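Chemist: Any chance you could fold what I've pasted below:
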Amino acid sequence: MMKRMVMKKMALAALVLGTLGNAVAGPVVTQWGYSADARFVDNRFSGSSGEIQVTGSELSWGSGSYCSGMDTWLGCWGTTVTPDFRSPSTDADHNRSALTIGNGVTNDLTGGGPAVGSVATVVDGSADDAAEIGVGTSLTHWNNRLSSRYSTLEWGRVATSLTLTPELPASGASIDTRTLDFEFFFKETANQGTCAGDSTNPCPDLFGLLAVQTLDIPFLYDGNEYLVSLLLQDASGGVAPIATLHEEECAALGLGAGCQGFRTAEEQATTFQFAFAVSTEALFPPAVAQPVQSVPLPAPLGLIGGGLLAAGLSRRLGRRGR
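Modeler: Residues are numbered from 1 along each chain as shown. As a prediction, this is how the structure comes out:
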């Protein structure tokens, strides 16, 4: 009898505490205003030949300004040309390549963010509606033919931030979610010869990524827990994980097997559009998450481990009505 009474009291206490918890928590935010931004915060180039340009939204390298006529000690007897990576020529000696941060909302490939908009909260565990995908900043590699005498990008770091402001069912104060720093390795491959992995000539350039946690990152607002997941958006509007590179490509980047990253075709501009989702429950269960990858970084830099997005995900999030 005593045991039964104790169990009843415990159940009643749990019910009361649960009711109090629900009373303390505010209503679930169903729509957020957002501001997503990114900037280059560190970099490393090979050598010091040519002209290197570094800003918060641009890393570019290759030819500096040159004279298109006779260049003497008295100056240029002709036209001084400033190469633009957005309009490359057929002359590898007078080209520039670049990596730029753009804005997916305005569709600008250069100039950076912030990308501003509204996004609906995913409450059913599946981001299958366009309103549930927030479009953020982009990363574009302007992969132009360059003379081998020029310095090239080898490594960089991007800092990203996301600010959310409740809009529905009621407006509220803005909150800053966790800032993510991404480290990437870049390999300017030879245009001729054997390509790493299963790629064919001309060999694509390679990016390998290391990152902090990007999937189902928790934050609290008004007594409720939400999760933010950083995603990669394709040209048709769907979102999917970043591909795993071939073992030989990972080795060429100095990374371990199973690394994740991108291939960028020669003489093309390739854009990677980032997006995100806010949910009330995990969109990517731990069972499908990519394990942390431990690889050496060049001294004196620290180590940030982990894959940008899980390569083994069986789930593909798409936009409804495409």
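
Chemist: Count the residues that sit near the closest residue to Asp176 other than its chain neighbours.
Modeler: Leaving aside its sequence neighbours, Asp176 sits nearest to Thr163 (Cβ to Cβ, 6 or more residues apart in numbering; 5.3 Å). C-beta coordinates here come from the backbone N, C-alpha and C atoms, glycine included. Counted with other Cβ atoms under 10 Å, residues neighbouring Thr163 total 16.

Chemist: pLDDT averaged over the helix or strand where Gly136 lies, what's the number?
Modeler: Take DSSP states H and E as the rule and Gly136 turns out to sit in strand 134-143. Summarised as a single mean, pLDDT over strand 134-143 is 95.

Chemist: bridging residues for the residue nearest the centre of the chain?
Modeler: Taking Cα atoms, centre = their mean, the centroid of the chain lies closest to Phe274, which sits 5.6 Å from it. On the basis of DSSP bridges, Phe274 is bridged to Leu232.

Chemist: I'd guessed it sits against Leu230; true?
Modeler: Yes: with contact defined as Cβ atoms under 8 Å, Phe274 reaches Leu230; the gap is 6.5 Å.

Chemist: so what sits against both of those two?
Modeler: With contacts taken as Cβ atoms under 8 Å, 6 or more residues apart in numbering, the residues that reach both Phe274 and Leu230 are Thr160.

Chemist: so where do the helices sit in the stretch 1-150 of the chain?
Modeler: Under the criterion DSSP state H, counting those that start in this stretch, helices of the stretch 1-150 of the chain are mapped to 2-24.

Chemist: Can you report how many residues lie near Glu58?
Modeler: By other Cβ under 10 Å, the residues close to Glu58 number 17.

Chemist: Run through the residues that contact Ser161.
Modeler: Contacts of Ser161 by Cβ under 8 Å, 6+ apart are 36-38, 176-177, 179-180.

Chemist: for Gly136, same thing?
Modeler: 36, 38, 104, 113, 115, 160, 162, 273-276.

Chemist: Tell me where the stretch 201-322 of the chain is predicted with low confidence.
Modeler: 211-212, 240-241, 287-322 (pLDDT under 70).

Chemist: excluding its backbone neighbours, what's nearest Leu164?
Modeler: Trp32 (4.6 Å).

Chemist: Just give me the neighbour total for that neighbour.
Modeler: Trp32 has 24 nearby residues by other Cβ under 10 Å.

Chemist: Tell me the bridge partners for it.
Modeler: Residues in beta-bridge contact with Trp32 (DSSP bridges): Val119, Pro166.

Chemist: Tyr221 now?
Modeler: Beta-bridge partners, per DSSP bridges, of Tyr221: Asn224.

Chemist: Next up, the contacts around it.
Modeler: 29, 164, 166, 172, 175.

Chemist: Export those as JSON lines, with columns for neighbour count, distance to Ala190 and pLDDT.
Modeler: As requested, these are exported to JSON lines (neighbours: other Cβ atoms under 10 Å; distance: Cβ to Cβ, whole Å; pLDDT from 0 to 100):
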{"residue": "Val29", "neighbour count": "23", "distance to Ala190": "51", "pLDDT": "97"}
{"residue": "Leu164", "neighbour count": "24", "distance to Ala190": "45", "pLDDT": "96"}
{"residue": "Pro166", "neighbour count": "21", "distance to Ala190": "52", "pLDDT": "97"}
{"residue": "Gly172", "neighbour count": "14", "distance to Ala190": "54", "pLDDT": "93"}
{"residue": "Ile175", "neighbour count": "16", "distance to Ala190": "48", "pLDDT": "92"}
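
Chemist: Could you export those to JSON lines, including columns for distance to Ser236?
Modeler: Putting the contacts of Tyr221 into JSON lines (distance: Cβ to Cβ, whole Å) gives the following:
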{"residue": "Val29", "distance to Ser236": "28"}
{"residue": "Leu164", "distance to Ser236": "26"}
{"residue": "Pro166", "distance to Ser236": "30"}
{"residue": "Gly172", "distance to Ser236": "34"}
{"residue": "Ile175", "distance to Ser236": "32"}
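
Chemist: wait, which of these is closest to Gly237?
Modeler: Leu164 (21.6 Å; Cβ to Cβ).

Chemist: Just confirm that closest one is within a helix.
Modeler: No: using DSSP: H, G, I helix; E, B strand; the rest coil, the secondary structure at Leu164 is strand, not a helix.

Chemist: Contacts only, for it.
Modeler: 32-34, 174-175, 177, 221, 278.

Chemist: got it, and Pro114?
Modeler: 35-37, 103, 137.

Chemist: Give the full set of residues in contact with Asp93.
Modeler: Neighbours of Asp93 in contact, by Cβ under 8 Å, 6+ apart: 63, 147.
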